[in-house]
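Peer 1: got a predicted model here, sequence first, then my questions.
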Amino acid sequence: MDFKLTEEHIMIRDAARDFAKQELLPGVIERDEKQEFPKELIKKMGELGFLGMMASPEYGGGGMDTISYVLAMEELSKIDASASVMVSVNNSLVCWGLDTFGNEEQKKKYLSKLTTGEKLGAFCLSEPEAGSDATSQRTTAIDKGDHYILNGTKNWITNGSSADYYLVIAQTDKEKKHKGINAFIVEKDFEGFEIGPKEQKLGIRGSDTHSLNFNDVKVPKENRIGEDGFGFKFAMKTLSGGRIGIAAQALGIAAGAYELAKDYSKQRKAFGTEICNHQAIAFKLADMHTQIEAARHLVMKAAWDKDQGENYDLSGAMAKLHASKTAMDVTVEAVQVHGGNGYVKEYHVERLMRDAKITQIYEGTSEIQKIVISRSILKD
Ligand code: CAA
């Protein structure tokens with residue numbers, strides 16, 4: 001076993017750290033306040049290679065491993081979880097999904113633009129009545145020979161209005177249940193595709209989240225991903241990797257809040273000494289650090305499993321479950337260490353606490369992760 005990062009991993013981590021500090025940090029409070037999407041910053045991240053990290057180089061991707069990706073996700077998320085969710089969706093759901101399951105034409109036409117930041121992607125599975133129960137898709141895709149007609153509504157879609165290409169999951173044959181579901185690439189300007197209102201959110205307020213409506217949207221057959229009926233498997237396989245990205249995001253939120261709390265505790269004085277010298281604070285920091293290290297090991301193990309070609313459904317679900325709980329626990333404690341200052345925006349920890357919550361909800365709630373984990377450990 002070797003817990004050491006390679007030179008290349010360290011370079012990627014440091015590049016993400018520098019970008020986050022220099023480019024994301026300056027406007028992060030304002031973007032959160034105004035629910036502002038950082039369009040220019042996303043473009044820059046594309047130019048620097050953060051949007052298609054694991055995708056094949058022949059389609060403009062970085063050809064990097066999952067370890068590199070989670071290292072970058074952690075660093076970006078320490079500062080700005082709104083930016084990192086866009087990075088996560090574009091990398092591990094959209095680019096990875098197309099790179100792994102798309103055909104040559106789809107990769108040339110769509111993937112090569114998504115890896116460079118020229119275009120942005122969204123992943124559309126959730127519906128008003130199909131969140132955790134993802135097989136209950138109400139959006140329909142009726143087969144009309146050389147095209148499909150899509151009708152329905154998708155909810156809580158990250159990059160909802162900013163994306164250019166949308167991977168949409170829909171039911172073609174209801175009789176066949178999940179085996180009758182397909183996945184499609186929908187372009188923003190396809191007729192009948194409509195972006196619904198923006199959600200007003202508790203956290204990750206700089207990311208744009210919308211509902212989407214499909215009113216008789218004509219989608220060419222060549223935009224279906226994989227064989228007829230592959231859509232649900234496509235969503236599940238893609239989400240398994242996506243969960244590693246969100247676990248890394250949660251880890252980053254926790255680590256960011258911990259670093260702020262530690263620094264603050266070394267400066268702030270009370271009862272004649274820096275507050276880190278009080279056991280009440282020092283023990284909090286000890287607990288935070290231990291939880292974060294445990295989360296980091298789970299995240300790294302899941303990423304390593306994926307890179308080794310091992311099954312990562314279980315390790316990814318465990319990483320997400322634990323890292324997202326860590327993000328909640330640590331950010332709440334980081335606010336507490338900051339006292340009154342923790343409750344105001346300029347100290348950043350209140351935002352990280354609000355941002356942490358979503359990591360227990362999207363890409364499979366903590367309860368869904370427990371379903372995946374328990375089914376996996378009980379099957380043998
Ligand atoms: N890989 C491959 N296939 C899988 C799979 C996986 N990881 N998980 C399930 N499947 C397959 C099963 O093998 C089964 O196929 P067969 O019948 O051919 O064997 C099929 O999928 C149905 O599986 P289940 O019977 O287990 O289905 P279920 O109804 O019990 O649900 C579930 C399984 C795991 C709970 C699933 O519904 C689920 O993951 N729900 C959560 C959905 C989710 O994560 N949503 C997030 C939205 S995306 C998002 O948040 C993005 C964003 O913008 C940030």
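Peer 2: Done, it's in.
Peer 1: distance of the residue sitting furthest away from the middle of the chain from Ala280?
Peer 2: Ranked by distance from the centre of the chain (CA atoms, centre = their mean), the top residue is Gly272, with 43.6 Å. As judged by CB to CB, to the nearest Å, Gly272 and Ala280 stand 15 Å apart. Glycine gets a C-beta too; all of them are placed from N, C-alpha and C.
Peer 1: repeat for Ala170
Peer 2: Counting by CB to CB - Ala170 and Ala280 are separated by 54 Å.
Peer 1: what about those two, which has more around it?
Peer 2: Neighbour tally, Ala170 and Ala280, criterion other CB atoms under 10 Å: the higher count belongs to Ala170, 29 against 9.
Peer 1: ok, now which ones touch the residue farthest from the centre of the chain?
Peer 2: Gly272 makes no contacts at all, as judged by CB atoms under 8 Å, 6 or more residues apart in numbering.
Peer 1: phi, psi for it please.
Peer 2: Backbone torsions of Gly272, given as degrees, to the nearest 10, read phi 80, psi 10.
Peer 1: just the pLDDT for it.
Peer 2: According to the prediction, Gly272 has pLDDT 98.
Peer 1: pLDDT weak spots in this structure?
Peer 2: Low-confidence segments of the chain, defined by pLDDT under 70, are absent.
Peer 1: for it, which residues are neighbours of the ligand?
Peer 2: Contact residues (CB under 6 Å from any ligand atom) of the chain with the ligand: 89, 123, 125-126, 132, 134-135, 158, 178, 232-233, 236-237, 239-240, 313, 362-364, 368, 371-372.
Peer 1: can you tell me the element Ala261 falls in?
Peer 2: Assigned by DSSP states H and E, Ala261 falls within helix 231-267.
Peer 1: do the same with His297
Peer 2: Element membership of His297 [criterion: DSSP H and E] is helix 279-307.
Peer 1: please state the offset of that helix from the chain centre?
Peer 2: Centre-to-centre, helix 279-307 and its host chain are 19 Å apart (CA atoms, centre = their mean, to the nearest Å).
Peer 1: which elements pack onto the next helix or strand after it?
Peer 2: Moving toward the C-terminus from helix 279-307, the next helix or strand (DSSP H and E) is helix 313-338. The elements that helix 313-338 packs onto, with contact taken as 3 or more CB pairs under 8 Å, 6 or more residues apart in numbering; DSSP states H and E, are helix 231-267, helix 279-307, helix 349-358, helix 366-378.
Peer 1: mind checking which of those helices is nearest Met73?
Peer 2: Nearest of those to Met73, taken as CB to CB: helix 231-267 at 3.7 Å.
Peer 1: how about that closest one: buried residues?
Peer 2: 231-258, 260-262, 264-265 (16 or more other CB atoms under 10 Å).
Peer 1: do stretch 91-111 as well
Peer 2: In stretch 91-111, counting by 16+ other CB under 10 Å, buried: 91-102, 106-107, 109-111.
Peer 1: out of those, which are inside strands?
Peer 2: Among the buried residues of stretch 91-111, DSSP state E puts none in strands.
Peer 1: what about these, which are in helices?
Peer 2: Residues from these lying in helices, with DSSP state H as the criterion: Trp96, Gly97, Leu98, Asp99, Thr100, Phe101, Gln106.
Peer 1: show the contacting residues for Lys177.
Peer 2: Neighbour list for Lys177: Thr135 [criterion: CB under 8 Å, 6+ apart].
Peer 1: specify the local secondary structure of it.
Peer 2: helix (DSSP: H, G, I helix; E, B strand; the rest coil).
Peer 1: same question for Gly145.
Peer 2: The three-state label given to Gly145 by three-state DSSP is coil.
Peer 1: apart from its chain neighbours, what residue comes closest to it?
Peer 2: For Gly145, ignoring the flanking residues on the chain, the nearest one in space by CB to CB, 6 or more residues apart in numbering is Lys221 at 7.8 Å.
Peer 1: then Thr365?
Peer 2: Leaving aside its sequence neighbours, Thr365 sits nearest to Ser132 (CB to CB, 6+ apart; 5.9 Å).
Peer 1: can you pull the phi/psi pair for that neighbour?
Peer 2: As for Ser132, its main-chain torsions (degrees, to the nearest 10) stand at phi -70, psi -40.
Peer 1: that one against Gly364, yeah?
Peer 2: Yes: Ser132 lies in contact with Gly364 (CB atoms under 8 Å); the separation is 7.5 Å.
Peer 1: pick out whichever of these two has more residues nearby.
Peer 2: Gly364 (26 against 12).
Peer 1: next, give phi and psi for the more buried one.
Peer 2: Note on Gly364: backbone dihedrals following degrees, to the nearest 10 are phi 100, psi 110.
Peer 1: quick one, phi psi at Ile195?
Peer 2: phi -90, psi 130.
Peer 1: how close does it sit to the ligand?
Peer 2: Distance, Ile195 to the ligand, using CB to the nearest ligand atom, to the nearest Å: 15 Å.
Peer 1: how near is Lys301 to the ligand?
Peer 2: 17 Å.
Peer 1: name the helix or strand for the closest residue in space to Arg17 that isn't next to it in sequence, please.
Peer 2: Once flanking residues are discounted, Arg17 sits nearest to Glu75: 4.3 Å by CB to CB, 6+ apart. Using DSSP H and E, Glu75 falls within helix 66-79.
Peer 1: list of residues touching the helix or strand following that helix?
Peer 2: In the C-terminal direction, the helix or strand that comes right after helix 66-79 (DSSP H and E) is helix 81-88. Contact partners of helix 81-88, identified using CB under 8 Å, 6+ apart, comprise 24, 28, 31-32, 38, 41-42, 45, 50-51, 72-73, 76-77, 120, 158-159, 162, 203-207, 242, 245-246, 248-249, 252-253, 352, 355-356, 358, 362.
Peer 1: what sits against Arg224?
Peer 2: Residues near Arg224 by CB under 8 Å, 6+ apart: Tyr148, Asn182, Ala183, Phe184.
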